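Enquirer: Could you work out the structure for the sequence below:
(one chain, ligands or ions: 1)
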Amino acid sequence: MKKTHSIPLIFLGLGNIGGTLLRQILETRETVAERAGLRLIPVAVADVSGLLYAADGLPEATLHAALAATQGGGTLAALPDLHPLAYLPTVLQPGAILADLTASPKTTPTLRAALDAGCSVALANKIPLAGPWAEARPFLSHPRLRYEVTVGAGLPVIETLHYLRDTGDRVTAIEGCVSGTLGYLCAELERGVLYSQAVAQARARGYTEPDPRDDLSGKDVARKALILARTAGWPLEEGDLTVEPLYTAALAGLAVADFMAATTALDADYAARVAAAQAAGRVLRYVARVTPEGGTVGLTAVERDGALGALRGPANYIAVHTTRYDALPLALAGPGAGREVTAAGVLGDIIKLAHTGQTA
Ligand SMILES: NC(=O)c1ccc[n+]([C@@H]2O[C@H](COP(=O)([O-])OP(=O)(O)OC[C@H]3O[C@@H](n4cnc5c(N)ncnc54)[C@H](OP(=O)(O)O)[C@@H]3O)[C@@H](O)[C@H]2O)c1
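Expert: Predicted coordinates:
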């Protein structure tokens, strides 16, 4: 039997992605040991309520109990032997891999401590990479940190940008649709559904955050646009992007229920924009576009028969224009969200980090 290396894993976050990743790791153990020569051993799992830890690996029964406690929307709080989150720094050890599967701005100091302690880091969390450049840069350039799923979920977008740069190509522009939620909304508007109804449906189906403005604000797409730009080698800041929210300033300060009721006020405007685009043979898509100078994020009338116009529902599409891919861009398309593809993307990062650690 092939020699296997044991890699301790630390999970920050056990929600949709963290839970799915833990399940995938348990299910793929034999394949990963056989094919990659790695034994991935969860030693710590954490959510906001605290941390379960066992230096030699958490027993399988404990991992299943953690999944049972969290995957219905609950937390680890009721499980025995839960340590406070403040205990986390003491479990960091060289050679371990920490996965940030939260959407929290609070994990940044832990990520720095983990890298300083000799751990590797895999991020699903965009926030550490999309703040001020000076804070994000050490993460983006760190050889022991990967962040593939932060844009396009399981699509190999980040790896492709690194490959282009490593092989001497020069990226000149990146454009695409990188929000499944806003892709769904555009498709519904195109079908003639009113804006207020499309937003209500997206919320009812769980496609948006509980406050749909978290998606409609364009902030999440702007974060992805910044990550793309920075990965291409351009040190853009949030202020270099012009972002169009999909609601007016008058609706920004309302409570969620009042916002939902007030969305009907925007129905006529969005219907008119859809009609104007259609009259010109175009369709509306929520497009991010970045160049070395800056970028735009917003509703754009694109050619109906072009790659962006042909997108259906929550699909993502990312086109990279470079010196070599000039006349025709290098393009990636596919689902840009979903638990299984996203968790698998993080698992792919973990396996690559584990191999890097062995050769470092
Ligand atoms: N869903 C997708 O398709 C997709 C695709 C690409 C990227 N992502 C990214 O993946 C990340 C996770 O998404 P999700 O849908 O799994 O979110 P989620 O279901 O809300 O889960 C977040 C988890 O993080 C935990 N958490 C929050 N702050 C924490 C902290 N400071 N320390 C430790 N744990 C903390 C939460 O604990 P509590 O439950 O105790 O609050 C929860 O377990 C997000 O950044 C998201 O943008 C998601």
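
Enquirer: For the rest of this, base every contact and every neighbour count on C-alpha atoms.
Expert: Fine.

Enquirer: Poorly predicted segments of the chain, please.
Expert: Within the chain, the stretches with pLDDT under 70 are 1-2, 358-360.

Enquirer: if we go to 90?
Expert: 1-3, 73, 205-210, 312-314, 336-337, 356-360 (pLDDT under 90).

Enquirer: tell me how far the helix or strand D269 falls within is from the chain's mean position?
Expert: Per DSSP states H and E: D269 is located in helix 267-279. Centroid displacement of helix 267-279 relative to its chain, using C-alpha atoms, centre = their mean, to the nearest Å, is 30 Å.

Enquirer: which parts of the helix or strand following it are buried?
Expert: Of the helices and strands lying after helix 267-279 in sequence (DSSP H and E), the nearest is strand 282-291. Neighbour-count burial for strand 282-291 flags 282-291 (criterion: 16 or more other C-alpha atoms under 10 Å).

Enquirer: Please apply the same query to stretch 15-31.
Expert: So, applying 16+ other C-alpha under 10 Å, buried residues of stretch 15-31: 15-22, 25-26.

Enquirer: And for stretch 247-265?
Expert: Buried, per 16+ other C-alpha under 10 Å, within stretch 247-265: 247, 251, 259-260, 263.

Enquirer: mind listing what the one residue sitting closest to the centre of the chain touches?
Expert: The centroid of the chain falls nearest to T150 when counting by C-alpha atoms, centre = their mean (3.0 Å). Applying C-alpha atoms under 8 Å, 6 or more residues apart in numbering to T150 gives the contacts 123-126, 224.

Enquirer: Near the ligand, list only the ones from the residues you listed.
Expert: Among those, the ones lying near the ligand by C-alpha under 6 Å from any ligand atom are 124-126.

Enquirer: Show me where the stretch 201-350 of the chain has its helices.
Expert: Secondary structure of the stretch 201-350 of the chain (DSSP state H, counting those that start in this stretch): helices at 213-216, 219-232, 256-262, 267-279, 339-359.

Enquirer: Check the stretch 51-200 of the chain too.
Expert: According to DSSP H, counting those that start in this stretch, the helices that the stretch 51-200 of the chain contains are 60-70, 108-116, 127-130, 133-140, 157-166, 180-190, 195-204.

Enquirer: got those helices as JSON lines, with distance to the ligand columns?
Expert: Converted to JSON lines, the helices of the stretch 51-200 of the chain look like this (distance: least, C-alpha to the nearest ligand atom, whole Å):
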{"stretch": "helix 60-70", "distance to the ligand": "7"}
{"stretch": "helix 108-116", "distance to the ligand": "9"}
{"stretch": "helix 127-130", "distance to the ligand": "7"}
{"stretch": "helix 133-140", "distance to the ligand": "15"}
{"stretch": "helix 157-166", "distance to the ligand": "12"}
{"stretch": "helix 180-190", "distance to the ligand": "9"}
{"stretch": "helix 195-204", "distance to the ligand": "14"}
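
Enquirer: Cheers, nothing more for now.
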